[in-house]
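J.: Sequence and computational prediction follow.
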Amino acid sequence: MRRHSARKTVARVAVVALAVGALAGCNTFKRLSEIGDGPTMSGVDNPTLRPDYRPVSMPMPAPMVAEPNPSSLWVPGARSFFKDQRAGEVGDLLTVIVDISNEKATFANNLSRSRDNSEGANLTSFLGFEGKLADVLPDGVDPASLTSFGSDSKHTGNGSMARSETVSMRLAAVVLQILPNGNFVIAGKQEVRVNGELRELTVTGVIRPEDIRSDNTIYWHQIAEARISYGGRGTVTDMVEPRYGQQVYDILFPF
């Protein structure tokens, strides 16, 4: 029995170790391979060739056919008589200005609940059977309190959350797709490595060509379906984040 119990214990430890290793994924081996060299930057690639890339599909108005006028100097669809230096074709670049300054939010929630119940019934006379209670129940039983019961419950909960964020950066994005209504799908990624820490900034979304300023820049709040991510990996992140075992414990532990 002891040997069988020991085998079960070893099997459970192995399952937990495999689960932790699976959650860590390739990042653990990648971090081990970077010891002494710092985080490795990713290569410059075509975003449309990434496995997770999906072309954007959104509701579009009915297409309109522009018929050119041979006797006119105005080109259908052009915004001016002169060459526009702003992004306008797939593969063009534009600068996205991310300026999230002093974004603050505070939430507070208080909950208090109490309930008190009491029930009772007087059965001192019940078809004459009350006289037989002494033969079944111990001496001193009071028939008037046989069905008396009650309950009392109280609950109090308090919760609060406060956050403050400031992000101010610029990065170049690439026009990946032009939708039928003329809007652009853009994506940009920036990596900066300082000592042993690699910081990453990514931006994706849909913009209107009219919102691109004359200096070929656009603000982050003018991007529809914006996905902005700013984070990093390296020695500093490793020290700040809990270890994988602690993260698994925090998720699975129910109390």
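T.: Nice, I can see it.
J.: residues of stretch 96-103 that come out buried?
T.: The neighbour-count check on stretch 96-103 (16 or more other Cβ atoms under 10 Å) flags 96, 98 as buried. In this view, the C-beta of every residue, glycine as well, is placed from N, C-alpha and C.
J.: my bad, should have said stretch 212-226
T.: Buried, per 16+ other Cβ under 10 Å, within stretch 212-226: 212, 218, 220, 222-223, 226.
J.: of the residues you listed, closest to Met169?
T.: Met169 has its nearest neighbour among those in Trp220, at 9.4 Å by Cβ to Cβ.
J.: Tell me, how many residues neighbour the residue lying closest to Tyr53 once chain neighbours are set aside?
T.: Excluding its sequence neighbours, the residue lying closest to Tyr53 (Cβ to Cβ, 6 or more residues apart in numbering) is Pro47, at 6.0 Å. For Pro47, the neighbour count with other Cβ atoms under 10 Å is 16.
J.: so what's Pro47 up against?
T.: Pro47 makes contacts with 53, 174, 176, 187, 189, as judged by Cβ atoms under 8 Å, 6 or more residues apart in numbering.
J.: distance of it from Pro59?
T.: Distance of Pro47 to Pro59, given as Cβ to Cβ, to the nearest Å: 24 Å.
J.: Gln222 now?
T.: Distance from Gln222 to Pro59, counting by Cβ to Cβ: 20 Å.
J.: Now name the helix or strand holding Val248.
T.: Val248 is located in helix 244-252, with elements delineated by DSSP states H and E.
J.: Packing partners of that helix?
T.: Counting contacts by 3 or more Cβ pairs under 8 Å, 6 or more residues apart in numbering; DSSP states H and E, helix 244-252 packs against helix 2-24.
J.: pLDDT averaged over the helix it packs on, what's the number?
T.: What helix 2-24 shows for mean pLDDT is 57.
J.: Quick one: the helices in the stretch 51-200 of the chain, in order.
T.: Along the stretch 51-200 of the chain, counting by DSSP state H, counting those that start in this stretch, helices occupy 133-136.
J.: Which residue, neighbours along the chain excluded, lies closest to Lys30?
T.: Nearest to Lys30 is Thr40, by Cβ to Cβ, 6+ apart, at 7.8 Å.
J.: List phi and psi for that neighbour.
T.: The phi and psi values for Thr40, taken as degrees, to the nearest 10, are phi -90, psi 130.
J.: That one: neighbouring residues, count only.
T.: The number of residues packed near Thr40 is 11, by other Cβ under 10 Å.
J.: what ranges of the stretch 1-150 of the chain fall below the confidence cut-off?
T.: Applying pLDDT under 70 to the stretch 1-150 of the chain picks out residues 1-28, 31-32, 34-38, 64, 66, 68-69, 72-83, 102-105, 107, 119-150.
J.: Can you show me the strands along the stretch 51-200 of the chain?
T.: Here the stretch 51-200 of the chain has its strands, by DSSP state E, counting those that start in this stretch, at 93-119, 149-178, 184-194, 197-207.
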